[in-house]
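> Task: produce atomic coordinates for the following.
(one chain, ligands or ions: 1)
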Amino acid sequence: MTYNRQDHYYMKAKKEGFRARSSYKLIEIQKKYDLIKANDSVLDIGCAPGSWLQFVKQRTKGKILGIDLVSIKPIGGIEFIQGDINDKEIQKKIIQKFNVVLSDIAPKTSGIRERDQYLSFQLSRESFLIAKKALKPNGNFVVKTFQSQETEELVKEIKPYFEFVKRYTPQSTRQGSKEIFIVALGFKTTSSPKLFSSKE
Ligand SMILES: C[S@@+](CC[C@H](N)C(=O)[O-])C[C@H]1O[C@@H](n2cnc3c(N)ncnc32)[C@H](O)[C@@H]1O
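Take a look at the predicted model:
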């Protein structure tokens, strides 16, 4: 599908100093779900070129860490790691404790729909597995995925770990785009004590 690259949000981003139009998707999610609070620490997975990081920096005084395959132009006060989220060594570096984990991650698209959808599903699921290890109790998680038959599977997998889980498509998503965001609020730790023990 062809689209107008220089649309309203593209022009708005240019005017307001954001590195990409995708900033407005996060701004909409923030407005609707109050995702990031004033002192929250935030991990941003798939952060390049950095427009989500720019917005996150406006929102919080907490620690901010970004990770991407490709490098970004530095942003003052934000830590950045270049690498692949599937790499276990990279995971060791990024799995710290955060109030919020964001993932706008997307594969390099090939145009072969099923392939792109599946790669997106894998990256979104990996982001969730990282979030599960990196989130503080009651933390929030947002992940982008290309809608496919696997989306339901992913939502089902995420649901038991959060108080609230919803699919959301921001207005600023390009027309015709099949991407959606899964918004998951109130991370529940899985380490709740057992109610009964066989030894008692
Ligand atoms: C849509 S862009 C993110 C835009 C960003 N939220 C912003 O507002 O500037 C998706 C990013 O995911 C990154 N990505 C894809 N696969 C990745 C992987 N395996 N590990 C880390 N980053 C990855 C891409 O390099 C790309 O920069």
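
> Return the set of residues that bridge with the closest residue to Pro74 other than its chain neighbours.
Nearest non-adjacent residue to Pro74, counting by CB to CB, 6 or more residues apart in numbering: Phe80, 7.0 Å away. C-beta here means a position set from N, CA and C on the backbone, and glycine is covered the same way. With DSSP bridges applied, Phe80 shows beta-bridge pairing to Gly66.

> partner strands of the longest strand along the chain, parallel or antiparallel?
As assigned by DSSP state E, the longest strand anywhere in the chain is strand 135-146. Using DSSP bridges, strand 135-146 pairs in its sheet with strand 98-103 (parallel), strand 179-187 (antiparallel).

> Do it and the ligand come into contact?
No - residues of strand 135-146 are not located near the ligand by CB under 6 Å from any ligand atom, the shortest gap being 7.4 Å.

> next helix or strand past that strand?
helix 149-158 (DSSP states H and E).

> Skip ahead from that following helix and say which helix or strand is next.
strand 162-168.

> Can you spell out which helices and strands pack onto that following strand?
helix 23-33, helix 149-158, strand 179-187 (3 or more CB pairs under 8 Å, 6 or more residues apart in numbering; DSSP states H and E).

> gap between it and the chain center?
13 Å (CA atoms, centre = their mean, to the nearest Å).

> That one pairs with which strands, and in what direction?
Strand 162-168 has these strand partners (DSSP bridges): strand 179-187 (antiparallel).

> which residue is nearest the centroid of this structure?
Ser103 (1.8 Å; CA atoms, centre = their mean).

> Spell out which residues sit in contact with that residue, please.
Asp44, Ile45, Gly46, Leu123, Ser124, Ser127, Ala131, Phe141, Val142, Val143, Lys144 (CB atoms under 8 Å, 6 or more residues apart in numbering).

> cutoff 6 Å now
By CB atoms under 6 Å, 6 or more residues apart in numbering, the residues touching Ser103 are Ile45, Gly46, Ser127, Val143.

> of all the helices and strands packed on strand 162-168, which lies closest to Lys97?
Nearest to Lys97, of all the helices and strands packed on strand 162-168, is strand 179-187, at 11.1 Å by CB to CB.
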